[in-house]
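> I would like to see how this sequence folds:
(chains A and B)
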Amino acid sequence: MFVSMNWIKDFVDLEGQDLEKLIHRFTLSTAEVEGIEYKGKDIKDVVVGEILSCEDHPDSDHLHLLKVDGGDTVYDVVCGAPNARAGIKTAFCKVGGQVGEIKIKPAKLRGQVSNGMCCSAKELGISDEHSGIMELDPSLANGTDLKEIFPIEDIIFEVDNKSLTNRPDLWGHYGMAREFAALTGQQIKPLEIMENPYTGDAKVAVELRNELAYRYTSVRIENVTKKVSPMEMQIRLYYCGTRAINLLADLTNYIMLELGQPTHAFDGNKIGKIVVDTPKEDSKFTTLDGVERDITTDTLMIYDNDTPVAIAGIMGGLDSEIVDDTNSVVLESANFDAVSIRKSAARMAHRTDASARYEKTLDPEMTMLAVKRFIKLVKDIDPDCECASQITDVYQYKYPEIEVSFDKAFVDRYTGIDISCERIKTTLEQLGFETTQNGENFVTKVPSWRGTKDVSMKADIIEEITRIYGYDNFEIKTTLSPLLPAKTTERRKEENQIKDLLVKTYAMNEIHTRVWCDPDALKNLGLTPEDNVRILGNADDNGILRTSLFQSFLPVVYSNRNYKPSFGIFEIGRTILGEREDGTADEHRMLGIAMYSKETTEKNLYINAVQLINTIVSQLKHKKVEYTKIEVEHTWQHPKNTSAIMVDGKRIGVLNTLHPKTLSKIAKNAVVVCVEIDMDELLAVEFSNLEFAEPSRFPSMEYDLSLVMPEGVRFDEISTCWKKLKIKELREVSVIDIYDAQGIKSITVRFSFGLDDRTLTGEEVQSHIDKILANLETIGVKMKL
Amino acid sequence: MKEKIQKLTEQFGEDLSKVTDLTALETLRLDYMGKKGQIAELMKELGKIPVEQKKEAGQMINTFKQEVTSRFESKKEELVRAEEERMINAAEAYDESLPTENPCGSYHPITLIQRELEDIFESMGFDVEDYNEIVDDYHCFEALNIPKFHPARDMQDTYYLSTKNQLLKSHTSAAQNTIMMKYGKALKENNRPIRAVFPGRCFRNEAIDACHENTFFQMEGVMIDKDISISNLIYFMKTMLSEVFESDVTVRLRPGFFPFVEPGFELDIQCLICGGDGCPSCKNSGWLELCPCGMIHPNVLKYGGINTEEEPDKYTGFAFGLGLTRLAMMKYGVKDIRVFNEGDLNALSQFVSK
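Numbers count the residues shown, from 1 in each chain, chains lettered A, B, ... in the order given. Model prediction:
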């Protein structure tokens, strides 16, 4: 929102103040100022000039040769304006002067001397009007500086609208001025209004049929014959971002910019009885910008009897618009439910200056003030106009009055500094809070313009006091809270350990992916999102949350397939496994690891993944992992190599290779292995406490067995053969060689035997080996010859 | 005997001078000192000579033996040294300038910035918590004093889900209520102030471009105790941000509106690049808007079970929110926000760390 400093000065005395500093304080105390513009700074030596004569340029079909009386002397001027003619007075910039970017120097235009420039309002930066040069009041003395006649000089600052969302009172200059009053320690001047001079019985009939209309105030004014607003008003409107249209429309805009209260001027000839209601059925309505809009049954409308004439709080209708021959006006100054207006405006994607204000929850008290201000302004400008009705005021919903009691001790505690009682009281009063003080106790009355939603409790009052006091003036202090240790949670520690392991030891790259599926990216890989919880407002396959990290990871692997011949990526992210019994989403914190390689075999990569998983579990939990082949759960998983990762008999995750049909889509000659671990299942696994055993003083005896492995026999099947013997002398078993060639698979296992109190004999070892071999025999495993 | 030894000594000198390697030396040693060597032969002969000459002859043999031994040793040393010399000369001087493969993984930039901040907060006595990404309407809005029809709740900003009253959390503040519930007991019973930060992923329905993301990270923090004041808030923010930026930052507070704080502030820091004079990165204002903060709204403290109807002001506190994604962009000079979530390893692999 643009704010004019001249306008502010109507209501508060800023004589002698450093305005730039004041605007800076406004940022720190009220709302953020985004920019300051000094209007009229680039206008120099522009005076009232009288065109004494006007002749056609001999060498041009549109230029004129003028003699202009600039007060001090008569200037020769070449001018192209179509309205240039002898006898009028215009804005004339003398040689040496400046109009915006243009510095006026003596010049020759097509051979004719020109010593100045006649200006349009646009050239002076005070309007969009550019159809011709300005035509000024003939009674003005030639040579008078235009800045003495019009408020061309002004400081305009722009306030970030977002910082005004909770301040309905700041959507007009009067409210802004109140802040400047408090910032400079003054009371704001009262707004000049006029009581309705009408004494007859006529009334604008108003009926509010819907509770979304809070208040409706209206008056009829006849015989408004002036059509053009005064230049001062036009300039203010223009500086604040609104174009002048005609007097009545300009007045409604002016009141809105001044008070923040939107008003609407209906053509008085077209209004009989005003009715406010929502329509019974969906319909169409053409607003005054000529656009036909869809009106739903939720949209609050203004009717003339049964005929819709405006969308409440948003925009008037084309048919009841003020046109140039309108002399009669019915003024609407109303208050509506903020949410209803916001939703209607959003629904029709048509946010107007009026609706933007209404959605901030305006003070209904303002409607009457706006009407009386309108009467004052219109009578001042057009003294012949007549108020032709009483003021109708239907006030359906009045906000409760709010009083807040507090004491200085509370202010001290909340601020941490000492703000005097006197300062508390004056600050509140300058902001319009009537405050009574009894010792260190206060009772303050929240003014109506702050009480619609913003201020209702003690903490709100603190804000009023402190923001005017200035946060820059605060003495800052540390808290006196006791210092107690804060421990990192196990949950966080495990995440950090895993990330460190994967990055530092396995040289993997951490990625972040979205929690919902990208159907296009999956389609590239021949996949579709699985049925799951979804984001509302999406159709087809869009907005479906992922059931596995690999719905995100596989597209990332695909897009990085040429990054390096081998890489690993991981993320700790969330997946959603449908709904729980109570109807909420079943969110899981998962670790996903994808390993990709063009340099090794799938089997090697798979074994690397097993080693990695075993390392994670052993480092974090000091436990062993078991793997159980399972049925595939997602279409990309390989039917033969999809296994549950088990610790303590509980499944904590899944390890798998890719189904050939998915793998073939990712890259030729590449292999991919996927690991997905539920971090909370892992967290739940207990750390296996270490049990210290004194190392034996007697050496181990080692015995190597080379075994031929029949097709399909897993290592855990052969290891059962010695595990079930429960040989207490068997200290350790390790695999020292795996040989796999020409269809023969063999494995060399090293057994270490030993006792704590003596050395074993060769015969003892041999007898254990014999038993092991006997067991191996039963599953068809023989010694290699 | 004497002549014999004399002769042998000469002979030995001659033999030794011909030796050029350790193998020949060993052969020679055996020749003289072996069980059947020359010295052993002399000893045998010693038995045959008359008794009165034995003593003298024995001494002569011994002297000879000592001489042989000592000359052997020095010859051996000489040869070993020569061999070492030869090995050194024959050795290759290795080229350490050859490029090597240095496997080095990378952390996501958010992890890096998050860890850095967590370390700072932990050093200041804050608990680090995290929170679900799917939350319910109550925690995300209601418990934060965001009324039913607040624009933040509109469909166009928030991802509502098909499940019961659930949504993807639109801000980390959604965890405030849970944090208060979790630590409130220790506050009330043991006077342990609540100090916690909770980083997390947030979601807002935005069209993605270089500056906008629908998935981003924030870190929220709260501190609640008796008598926490605005003055404390400013002190804390200044101290904490000075740690984050590793320099003494100047902060300023402006009024800012957030339904869950009162008063609410926008906190700016003086631009670290120009020091407040104005430059392109602070849009010539000298200040950078950094984080929203404020005194926790009394209703939020009430909903979090911290204050009761009977004692509505017993505890006070402040809350603040840091945009981790934005901090990471500032810190690492990332200009396009899409780098964070699009998984391009050419970009992400650069974020290595100690």
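> hey, let's count contacts and neighbours off CA atoms from now on
OK.
> Number of residues surrounding residue 163?
Answering for chain A, as no chain was given. As a burial measure, A:Ser163 scores 18 neighbours (other C-alpha atoms under 10 Å in any protein chain shown).
> oops, chain B please
Using other C-alpha under 10 Å, B:Thr163 is surrounded by 21 other residues.
> so how far is B:Leu324 from the residue of the stretch 101-250 of chain B found nearest chain A?
Chain A sits closest to B:Gly105 of the stretch 101-250 of chain B, with a gap of 3.6 Å, by C-alpha to the nearest C-alpha. Going from B:Gly105 to B:Leu324 by C-alpha to C-alpha, to the nearest Å gives 22 Å.
> Quick check: A:Glu123 touching A:Ile102?
No: contact criterion C-alpha atoms under 8 Å: A:Glu123 and A:Ile102 do not qualify, at 9.4 Å.
> Would you work out how far apart the start and end of stretch A:409-421 are?
Stretch A:409-421: ends 10 Å apart by C-alpha to C-alpha.
> For A:Gly260, list the residues it contacts.
A:Gly260 is in contact with A:Pro168, A:Asp169, A:Leu170, A:Trp171, A:Gly172, A:His173, A:Arg357, counting by C-alpha atoms under 8 Å, 6 or more residues apart in numbering or on different chains.
> same question, B:Lys169
Contacts of B:Lys169 (C-alpha under 8 Å, 6+ apart): B:Glu133, B:Ile134, B:Val135, B:Cys140, B:Tyr159, B:Arg201, B:Cys202, B:Phe203.
> So the fifth one sits against A:Asn538, correct?
Think B:Tyr159. No: between B:Tyr159 and A:Asn538 there is no contact under C-alpha under 8 Å: 10.3 Å.
> can you list contacts of stretch B:306-314?
B:Met180, B:Met181, B:Gly184, B:Lys226, B:Pro298, B:Leu301, B:Lys302, B:Tyr315.
> The third one is in what secondary structure piece?
The one in question is B:Gly184. helix B:176-190 (DSSP states H and E).
> In which helix or strand does A:Pro138 reside?
For A:Pro138, there is no helix or strand it lies in under DSSP H and E.
> any idea how the chain splits into domains?
In the absence of a named chain, chain A is used. A:2-38+A:157-183, A:43-152, A:205-395, A:402-473, A:490-684, A:701-783 (automatic domain parsing).
> The chain in question should be chain B.
If you go by automatic domain parsing, chain B breaks into B:2-90, B:109-348.
> how about these in a markdown table, adding mean pLDDT?
Shown next, in a markdown table, are the domains of chain B (pLDDT from 0 to 100):
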| stretch | mean pLDDT |
| --- | --- |
| domain B:2-90 | 88 |
| domain B:109-348 | 93 |
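> If you count surrounding residues, which of A:Glu123 and A:Ile102 has more?
Neighbour comparison, A:Glu123 and A:Ile102: the larger count goes to A:Glu123, with 19 against 11 (by other C-alpha under 10 Å).
> so how many other residues sit close to the residue of chain A found nearest chain B?
Of all residues in chain A, A:Ala507 sits closest to chain B, at 3.6 Å by C-alpha to the nearest C-alpha. The local packing of A:Ala507 (other C-alpha under 10 Å) involves 20 other residues.
> Each with direction, which strands does the following helix or strand past the helix holding B:Gly184 pair with?
Counting by DSSP H and E, the next helix or strand C-terminal to helix B:176-190 is strand B:194-203. Using DSSP bridges, the strands paired with strand B:194-203 are strand B:127-128 (parallel), strand B:215-225 (antiparallel).
> tell me the angle of the longest one relative to helix B:176-190?
Spelled out, it's strand B:215-225. Per axes from the mean of the first three to the mean of the last three C-alpha atoms, to 10 degrees, the angle that strand B:215-225 makes with helix B:176-190 is 20 degrees.
> For the very next helix or strand once past strand B:215-225, which outside residues touch it?
Once strand B:215-225 ends, the next helix or strand along the chain (criterion: DSSP H and E) is helix B:230-245. Helix B:230-245 is contacted from outside by A:414-417, A:474-479, B:116-117, B:120-121, B:248-251, B:294-295, B:318, using C-alpha under 8 Å, 6+ apart.
> Those in strands, which ones?
B:Val251, B:Gly294, B:Met295, B:Phe318 (DSSP state E).
> Double-check the third one against B:Gly317; I have them as touching.
It stands for B:Met295. Yes: counting by C-alpha under 8 Å, B:Met295 does reach B:Gly317; the two are 5.7 Å apart.
> which residues do those two both contact?
Both B:Met295 and B:Gly317 are in contact with B:Ser229, where contact means C-alpha under 8 Å, 6+ apart.
> Could you list the contact residues of the stretch 501-650 of chain A toward chain B?
Residues of the stretch 501-650 of chain A that fall close to chain B, judged by C-alpha under 8 Å from any C-alpha of the partner chain: A:502-504, A:506-514, A:533-536, A:556, A:559-560, A:563, A:574, A:579, A:583-585, A:587.
> and the contacts of A:Gly260 as TSV, adding pLDDT and neighbour count?
Output for these, formatted as TSV (pLDDT from 0 to 100; neighbours: other C-alpha atoms under 10 Å in any protein chain shown):
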residue	pLDDT	neighbour count
A:Pro168	96	25
A:Asp169	97	26
A:Leu170	97	28
A:Trp171	97	27
A:Gly172	97	23
A:His173	98	26
A:Arg357	97	27
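> And the residues you listed, which two are furthest apart?
A:His173 and A:Arg357 (13.2 Å; C-alpha to C-alpha).
> ranges for the helices of chain B?
B:2-18, B:22-33, B:38-46, B:51-90, B:109-123, B:137-140, B:176-190, B:230-245, B:298-303, B:324-332, B:345-348 (DSSP state H).
> If I take the longest one and helix B:22-33, what angle do their directions form?
In this structure, helix B:51-90 runs at an angle of 180 degrees to helix B:22-33, with the same axes, to 10 degrees as the basis.
> And helix B:51-90, what does it pack against?
Judged by 3 or more C-alpha pairs under 8 Å, 6 or more residues apart in numbering or on different chains; DSSP states H and E, helix B:51-90 is in contact with helix B:2-18, helix B:22-33, helix B:38-46.
> Nearest to chain A, out of those?
Of the helices and strands packed on helix B:51-90, nearest to chain A by C-alpha to the nearest C-alpha is helix B:22-33, at 38.6 Å.
> Using PDB, list the CA coordinates for that closest one.
This file holds the C-alpha atoms of helix B:22-33, laid out as PDB (Å, rounded to 0.1, in the frame of the first residue of the first chain):
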ATOM      1  CA  LEU B  22      78.500 -63.400   0.300                       C
ATOM      2  CA  THR B  23      78.200 -66.900  -1.100                       C
ATOM      3  CA  ALA B  24      81.900 -67.200  -1.900                       C
ATOM      4  CA  LEU B  25      82.700 -65.700   1.500                       C
ATOM      5  CA  GLU B  26      80.600 -68.400   3.200                       C
ATOM      6  CA  THR B  27      82.500 -71.100   1.200                       C
ATOM      7  CA  LEU B  28      85.800 -69.500   2.300                       C
ATOM      8  CA  ARG B  29      84.600 -69.400   5.900                       C
ATOM      9  CA  LEU B  30      83.800 -73.100   5.900                       C
ATOM     10  CA  ASP B  31      87.200 -73.700   4.200                       C
ATOM     11  CA  TYR B  32      89.000 -72.200   7.200                       C
ATOM     12  CA  MET B  33      86.600 -72.300  10.100                       C
END
